[in-house]
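> Sequence first, then the predicted structure:
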Amino acid sequence: GSGAVFAAVDIGASSGRVILGKLTDDGPELVTVHRFPNGAQFLGGALRWDVEALFTEVVAGLATAADTAARAGDTVTSIGIDTWAVDYGLVDASGTLRHLPFSYRDARTEATIGVVHAALPPERLYARTGLQFLPFNTLYQLAAERSLAGVQALLIPDLLAYRLTGARCTEATNASTTGLLDAGTGTWAEDLFAPLGLAPDLFPPLVEPGTVVGRLLPAVAAAAGLPASTAVVAVGSHDTASAVAAVPADSPHFAYISSGTWSLVGVELDAPILTDESRAANFTNERGVDGTIRYLRNTGGLWLLQECLREWSIEGPEPDLVGLLAAAATLPAGGPTIDADSNDFLAPDGMPGRIRRAAEAAGHAAPSSREAVVRCILDSLADAYARTLHDAARLSGHRIDVIHVVGGGSQNALLCQLTADRTGLPVLAGPVEATALGNILVQARAAGLLAAGPGLAGIRAAARAAARTVRYEPADAALSPAR
Ligand code: ADP
Ligand code: LRH
């Protein structure tokens, strides 16, 4: 039937997609209309994102979305964009990019972390911003730029929205990953800019999810086959913010693992925790949709597995992920593990060898076969999840009865089972496309099609109606470290 549909542009570090979403009487319906690979590339001597190629894919995806909607008699009401966090493009007054955006995995911030901390000690930064220390937080990257004269910094989703509409803004959930936002108020921590030599208007003004950013530029509208009146609406433009908004939880006592290139592991809170203990445990207080706090830690994630697969596909034929996972599942428990949280695994290249050496350095026999390397990664991730959720519960006092795993990694049955076993908690896996779902539901609410509030209740109810989850029970519920 005819009606309003919403287009989600969702680009993760490993792949992007354009998904159309529609609210029906049976809940939200999602259709993926375009997919494309993504990854940082060595360009001009550094690891960078080819945002020009990404923009081309976005417009191609929107054109397919327009077509698909038109054939169903539907209208694309609005477009929302989310991507990975922290990275940005520098644009001058005419909108020209100074250079292709750096990837957060580029090593150039090693030289600037000390410079930033000399101006602003880490204790002061944490008390103000609540952001966990990661070597690639935006403020360390900005300190590595040769010059910021005459440019504004646009976070990646905001940069894409600017290219679509000509309007500049900084979406608030993603702004919280810059290290320059006040964790309590969700506004810029203005006093941090001058000590870092940053202009107060380096970033465009903040907007909250649900705000209309602008309308399509005529050239974009023509290329996409959409009316120029089509709105681009700010969503939780940090992919993890959109994913967590769409966790299909039916009680507040849940934890989440947003499982993709990274595993983002934590709980949802009403207020940030800015204590020294929390800083020492390296927990972050990122902003979620509706001012919620995503109290979480970044753990290594499926990046380790992605990089092994990439390495093996250079050595020979493309390995089959599903087959490797099945082989890894037949290996006995208690094999070698590594610290999946270690920053040693941040950079690309040579991953299987790095994992073998890390296992040996930890006093284990190095995993030799490919399936043993895969099992080592998954056992190590499950260990890291259990550790992190134990800490999250301890530091926040938040009760955890169930773990929701969302994102591409929710399809990994072995990892879900190991997670249930290690934490002693049931795991509910799915949806795979939680990020796009969260993106679409925020747009639908802005269009008045979803009950507003209280808080995320309306969005979560719609997420539950959309989700088909798979349940994993812990092998031994008595060992329950996360409780
Ligand atoms: P990102 O948003 O960071 O790019 P995704 O949420 O798309 O990541 O998740 C990608 C990951 O999902 C892959 O690295 C892979 O490990 C996992 N994945 C994808 N398909 C499957 C599958 N069929 N079975 C198990 N895992 C899968
Ligand atoms: C996941 C993610 C994560 C950030 C990282 C840079 O895609 O946005 O939340 O820490 O990428």
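That came in fine, so what should we check first? Ligands and ions are numbered 1, 2, ... in the order given.
> in stretch 193-202, what counts as buried?
The neighbour-count check on stretch 193-202 (16 or more other C-beta atoms under 10 Å) flags 193, 196, 198, 202 as buried. No exception for glycine: its C-beta is placed from N, CA and C like everyone else's.
> How about stretch 200-219?
For stretch 200-219, by 16+ other C-beta under 10 Å, it's 202-204, 206-210, 213-217.
> can you give me the strands in the stretch 201-350 of the chain?
In the stretch 201-350 of the chain, the segments counted as strands under DSSP state E, counting those that start in this stretch are 206-207, 212-215, 231-233, 254-259, 263-269, 284-287, 293-299.
> got CSV for these, with distance to ligand 2 and mean pLDDT too?
Compiled in CSV, these are given as follows (distance: least, C-beta to the nearest ligand atom, whole Å; pLDDT from 0 to 100):
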stretch, distance to ligand 2, mean pLDDT
strand 206-207, 18, 98
strand 212-215, 19, 98
strand 231-233, 20, 98
strand 254-259, 7, 98
strand 263-269, 5, 98
strand 284-287, 7, 98
strand 293-299, 5, 97
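> Tell me which of those sits nearest to ligand 1.
The closest approach between ligand 1 and any of the strands of the stretch 201-350 of the chain, judged by C-beta to the nearest ligand atom, belongs to strand 254-259 at 6.7 Å.
> rewinding a little: compile the buried residues of stretch 200-219 into TSV and extend it with columns for distance to ligand 1.
Output for the buried residues of stretch 200-219, formatted as TSV (distance: C-beta to the nearest ligand atom, whole Å):
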residue	distance to ligand 1
202	27
203	24
204	25
206	24
207	23
208	23
209	18
210	23
213	22
214	25
215	28
216	25
217	27
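> Just put those in CSV and tack on distance to residue 398.
As requested, those are exported to CSV (distance: C-beta to C-beta, whole Å):
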residue, distance to residue 398
202, 35
203, 31
204, 34
206, 27
207, 29
208, 24
209, 23
210, 26
213, 33
214, 38
215, 41
216, 42
217, 44
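> May I ask which two of the residues you listed are separated the most?
Maximum pairwise distance among the buried residues of stretch 200-219 (C-beta to C-beta): 26.5 Å, between 202 and 216.
> give the contact list for the nearest residue to residue 364 once chain neighbours are set aside.
Leaving out its chain neighbours, the residue that sits closest to residue 364 by C-beta to C-beta, 6 or more residues apart in numbering is residue 336, at 3.4 Å. Applying C-beta atoms under 8 Å, 6 or more residues apart in numbering to residue 336 gives the contacts 359, 362, 364-367, 372, 376, 379.
> which ones among the residues you listed are found in helices?
For the contacts of residue 336, the ones inside helices are 359, 372, 376, 379, with DSSP state H as the criterion.
> burial measure for the second one, as a count.
Right, residue 372. Residue 372 is flanked by 20 other residues according to other C-beta atoms under 10 Å.
> confidence score at the residue of the stretch 351-483 of the chain found nearest ligand 1?
Nearest residue of the stretch 351-483 of the chain to ligand 1: residue 408, at 2.1 Å (C-beta to the nearest ligand atom). As predicted, residue 408 sits at a pLDDT of 98.
> same check, this time on residue 161
Note on residue 161: pLDDT of 98.
> What parts of the stretch 151-300 of the chain come near ligand 1?
Residues of the stretch 151-300 of the chain lying near ligand 1 by C-beta under 6 Å from any ligand atom: 260-261.
> Which single residue of the stretch 151-300 of the chain ends up nearest ligand 1?
Closest contact between the stretch 151-300 of the chain and ligand 1, by C-beta to the nearest ligand atom, is at residue 260 (2.6 Å).
> Closest approach to ligand 1 from the stretch 51-200 of the chain, which residue is it?
residue 84 (6.8 Å).
> Now distance to residue 392 too, for the strands of the stretch 201-350 of the chain, in JSON lines please.
Formatted as JSON lines, the strands of the stretch 201-350 of the chain follow (distance: least, C-beta to C-beta, whole Å):
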{"stretch": "strand 206-207", "distance to residue 392": "27"}
{"stretch": "strand 212-215", "distance to residue 392": "33"}
{"stretch": "strand 231-233", "distance to residue 392": "31"}
{"stretch": "strand 254-259", "distance to residue 392": "7"}
{"stretch": "strand 263-269", "distance to residue 392": "5"}
{"stretch": "strand 284-287", "distance to residue 392": "11"}
{"stretch": "strand 293-299", "distance to residue 392": "6"}
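> Which one, of the ones you listed, ends up nearest to residue 471?
Here strand 254-259 is closest among these (C-beta to C-beta), at 13.3 Å.
> Ligand 2 contacts on the stretch 251-400 of the chain?
Counting by C-beta under 6 Å from any ligand atom, the stretch 251-400 of the chain sits next to ligand 2 at 260-262, 264, 298.
> Narrow those to just the buried residues.
By neighbour count, with 16+ other C-beta under 10 Å, these hold 260-262, 264, 298 as buried.
> May I see those residues arranged in JSON lines, with distance to residue 416 as well?
As requested, those are exported to JSON lines (distance: C-beta to C-beta, whole Å):
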{"residue": "260", "distance to residue 416": "14"}
{"residue": "261", "distance to residue 416": "17"}
{"residue": "262", "distance to residue 416": "17"}
{"residue": "264", "distance to residue 416": "16"}
{"residue": "298", "distance to residue 416": "19"}
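> hey, what's residue 257 bridged with?
With DSSP bridges applied, residue 257 shows beta-bridge pairing to residue 265, residue 405.
> That one contacts residue 422, correct?
No. Judged on C-beta atoms under 8 Å, residue 257 makes no contact with residue 422 at a distance of 11.8 Å.
> residues bridging contact with the two, i.e. touching both?
With C-beta under 8 Å, 6+ apart, residue 257 and residue 422 have common neighbours residue 385.
> Which one's more surrounded, these two?
Per other C-beta under 10 Å, whichever of residue 257 and residue 422 has more neighbours is residue 257, with 30 against 22.
> where's that one relative to residue 56, distance?
32 Å (C-beta to C-beta, to the nearest Å).
> With residue 114 instead?
Residue 114 is 39 Å from residue 56, by C-beta to C-beta.
> who's more crowded, those two?
Legend: neighbour count by other C-beta under 10 Å for residue 114 and residue 56, higher for residue 56 (13 against 10).
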